[in-house]
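Peer 1: Predicted model follows, preceded by the sequence.
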Amino acid sequence: MKHISILVLNEAILGSIEGTHKLLTAVNDIAESMGNDPVFKVELVGANSSTVLNKGLFSVFPEKMIHDIDHTDLIFIPAMHGDMQESVSMNREFIPWVVEQYNKGAEIASLCVGAFLLAETGLVDGKRCATHWLYANEFRKTYPRIDLVDEKIITDEQGIYSSGGAYSFLNLVLYIIEKYAGREIAILCSKTFQIEFDRGSQSQFIMFRGQKGHDDESIIRAQEYIEKNYQEKITVDQLATMLAIGRRNLERRFKKATSNTILEYIQRVKIEAAKMSLETSRDNVNEVMYMVGYSDTKAFRSVFKKTTGLSPIEYRNKYNRDLQVSIKA
């Protein structure tokens, strides 16, 4: 039987604690109904005898304290509310224990922005990690030694797992259930809790907001120009001339400030505009393509699918409300 420790962090998001606990204990119920032994021993583990969450709305009472546990098999780090650096600071006493358990052979799974606390352990330096796409820029700047894969819902590397944003943590829990309880039980959990199985990307949910959390005013001017004129053909030389910056210097500074090349940034702005049009208008795919400045159908579809994980038609069918809902007056 695998011993599971779900951390009760200060500022934890209750749903990521309760949802994980619910799924894992359901595995035991299913296994026992099939005449098998329980798969997991699941415990809530904290640093204090009680933890108040959601501004006092809830209190969680851990079953064990971290200093009571000499060995565990798998640690879940839940998502946290608020400013990530403040939340990490409030939970630093967990870090040495997590590192100690990993060195003893335990696996670790971070859920959503629980990746920030995981990153503080140093255990994912040089490894891949996922988190909520909204926090991707902050995560990259804070932890440059970690390979953030913000389009992924699940990473699995050397006994360390991480999940993408919000409720995609349920997909990681299903992944771990399949690993330790088998695919049959994982599929039963998927059907019982109505969680899409084998979903590996959060690309379709990412909203590109432009990475302006930097102090390079020339690059901000370039970004703003791209965002206002994305329908036009914009070249690197054009931007360099406009800003009176050498081409190579501009490319280097742009990449450093935004984590994108200039071409990538232009493409992402165009695709975000296309997504908005596909969500809200009745324009067909070709009309949207021309509206955002593409003239090559194949190139547009290729970049769109690479960015979102869906073709333009698939995206429109999934997110356009007029296509989904028939309203009778």
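Peer 2: That came in fine, so what should we check first?
Peer 1: rest of the way, CA atoms for contacts and neighbours
Peer 2: Noted.
Peer 1: Okay, strands next: where are they in the stretch 1-150 of the chain?
Peer 2: Ranges of strands in the stretch 1-150 of the chain, per DSSP state E, counting those that start in this stretch, are 2-8, 40-46, 51-53, 58-60, 64-65, 74-77, 107-110, 128-129, 147-148.
Peer 1: Reformat the ones you listed into a markdown table and put mean neighbour count, mean pLDDT and distance to Tyr290 next to each item.
Peer 2: Listed next are the strands of the stretch 1-150 of the chain as a markdown table, based on neighbours: other Cα atoms under 10 Å; pLDDT from 0 to 100; distance: least, Cα to Cα, whole Å:
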| stretch | mean neighbour count | mean pLDDT | distance to Tyr290 |
| --- | --- | --- | --- |
| strand 2-8 | 21 | 98 | 50 |
| strand 40-46 | 20 | 98 | 54 |
| strand 51-53 | 18 | 94 | 49 |
| strand 58-60 | 13 | 96 | 51 |
| strand 64-65 | 16 | 98 | 60 |
| strand 74-77 | 26 | 98 | 45 |
| strand 107-110 | 24 | 98 | 41 |
| strand 128-129 | 24 | 94 | 36 |
| strand 147-148 | 18 | 94 | 33 |
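Peer 1: Make TSV from the ones you listed and add distance to Arg221 to it.
Peer 2: Below are these laid out as TSV (distance: least, Cα to Cα, whole Å):
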stretch	distance to Arg221
strand 2-8	44
strand 40-46	47
strand 51-53	42
strand 58-60	46
strand 64-65	52
strand 74-77	39
strand 107-110	37
strand 128-129	31
strand 147-148	27
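Peer 1: in stretch 275-287, what's buried?
Peer 2: By neighbour count with 16 or more other Cα atoms under 10 Å, stretch 275-287 contains the buried residues 275, 277-279, 285.
Peer 1: again, but for stretch 7-18
Peer 2: Judged by neighbour count (16+ other Cα under 10 Å), stretch 7-18 contains these buried residues: 7-14, 16-17.
Peer 1: Pull the residues that contact it.
Peer 2: Residues outside stretch 7-18 that contact it (Cα atoms under 8 Å, 6 or more residues apart in numbering) are 6, 44-47, 51-54, 60, 62, 75-82, 87, 90-91, 111, 167, 169.
Peer 1: Need the mean per-residue confidence for the host helix or strand of Leu250.
Peer 2: Assigned by DSSP states H and E, Leu250 belongs to helix 247-258. Regarding helix 247-258, the rounded mean pLDDT is 94.
Peer 1: if we look at it, which residues are touching it?
Peer 2: By Cα under 8 Å, 6+ apart, helix 247-258 touches 210-212, 214, 216, 219, 236-237, 240, 260-262.
Peer 1: tell me the angle of the helix or strand following that helix relative to helix 247-258?
Peer 2: Sequence-wise, the next helix or strand downstream of helix 247-258 (DSSP H and E) is helix 262-280. Orientation check (axes from the mean of the first three to the mean of the last three Cα atoms, to 10 degrees): helix 262-280 against helix 247-258 gives 50 degrees.
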